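Asks: missing the sequence, but the structure's below:
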């Protein structure tokens, strides 16, 4: 009975299919497909172990019973515990290698991705090959623009200020015009006025100064008489002023003009003296109105011509 129970599970060709399955799984494990998925590795390893255990149980005889004969005529390859142990050792070695490789990848510093780096098409998909870092493309540098030279500003020369006209020299003070009329003997003292004197009429004014003092014409005119011309007058000079009046200068020590000479106010006519009927050096001055020998009082006439006389 036990023989048939066991023979029911030991169908013909089962050993061949198990060996082929184990060989295929082994090839797949060794081909590296399990390196890319830990879940696939665990599943394959579990399946392999389960298949190997089932295969061993099928071919292991119960204690005290003889080994049943093979049903199929194909030669069977006995799988010993040593072969199973070697297969498991290889599977565990592969799993440890995958774990070590994963640990080494985790310990490696993560490379900073370069935006310009592109994945190399020739990279190997094998997990054992170390990826070749792509060379970063050189960043193109823009040429440094040269600074434009600043335009040179040419300053226009500032025109020199026009020279100021030289200040005109202050005009010299104009000389005061000579008066039209002047006193005949400046600074002299009046010693006698026009009027009655010693029983007669004194017909002029006497001016006293030291002898030789210059005598001046009282106004512009023409000399009509000069020298010893009239009795009692000594050396005298008569000037016609062409306005109806004549001036007479007597008792000179010397005359200095001649008849017909034109004189101006202040011109020197002669020098003071005491010639003729004279009691001392002095000038006897007369004014004749209209004609010769029509004597008038010289004091009012001089005042009328801007000449002040004190004492008369």
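Replies: Looks like it came in fine. Here the structure is a predicted model, which means the values were calculated and not measured.
Asks: The stretch 101-250 of the chain: strands as residue ranges?
Replies: 189-192, 195-197, 200-202, 205-208, 214-216, 221-227, 235-240, 245-255 (DSSP state E, counting those that start in this stretch).
Asks: Out of the ones you listed, flag the one nearest residue 176.
Replies: The closest of the strands of the stretch 101-250 of the chain to residue 176 is strand 214-216. By Cβ to Cβ, the value is 16.6 Å. To be clear about C-beta, it is placed using only N, CA and C from the backbone, and glycine gets the same treatment.
Asks: any low-confidence regions in the stretch 1-150 of the chain?
Replies: 1-18, 29-47, 50-89, 106-145 (pLDDT under 70).
Asks: what about residue 102, neighbour count?
Replies: By other Cβ atoms under 10 Å, the residues close to residue 102 number 13.
Asks: follow-up on the earlier one: with mean pLDDT and mean neighbour count as added columns, please give the strands of the stretch 101-250 of the chain in CSV.
Replies: Listed next are those as CSV, based on pLDDT from 0 to 100; neighbours: other Cβ atoms under 10 Å:
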stretch, mean pLDDT, mean neighbour count
strand 189-192, 94, 14
strand 195-197, 90, 10
strand 200-202, 91, 11
strand 205-208, 96, 22
strand 214-216, 97, 20
strand 221-227, 97, 18
strand 235-240, 97, 23
strand 245-255, 97, 22
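Asks: Which among the ones you listed is found nearest to residue 261?
Replies: Of these, the one closest to residue 261 (Cβ to Cβ) turns out to be strand 221-227, at 4.6 Å.
Asks: Pull up the pairing partners for the closest one, direction included.
Replies: strand 235-240 (antiparallel), strand 262-263 (antiparallel) (DSSP bridges).
Asks: Include distance to residue 173 when you put the ones you listed into CSV, please.
Replies: Shown next, in CSV, are the strands paired with strand 221-227 (distance: least, Cβ to Cβ, whole Å):
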stretch, distance to residue 173
strand 235-240, 31
strand 262-263, 27
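Asks: circling back: may I see the strands of the stretch 101-250 of the chain organised as CSV, with distance to residue 93 added?
Replies: Shown next, in CSV, are these (distance: least, Cβ to Cβ, whole Å):
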stretch, distance to residue 93
strand 189-192, 170
strand 195-197, 182
strand 200-202, 183
strand 205-208, 171
strand 214-216, 165
strand 221-227, 169
strand 235-240, 171
strand 245-255, 172
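Asks: Return the residues in contact with residue 280.
Replies: Going by Cβ atoms under 8 Å, 6 or more residues apart in numbering, residue 280 touches 208, 274.
Asks: and it, helix, strand or coil?
Replies: Put simply, residue 280 is coil when judged by DSSP: H, G, I helix; E, B strand; the rest coil.
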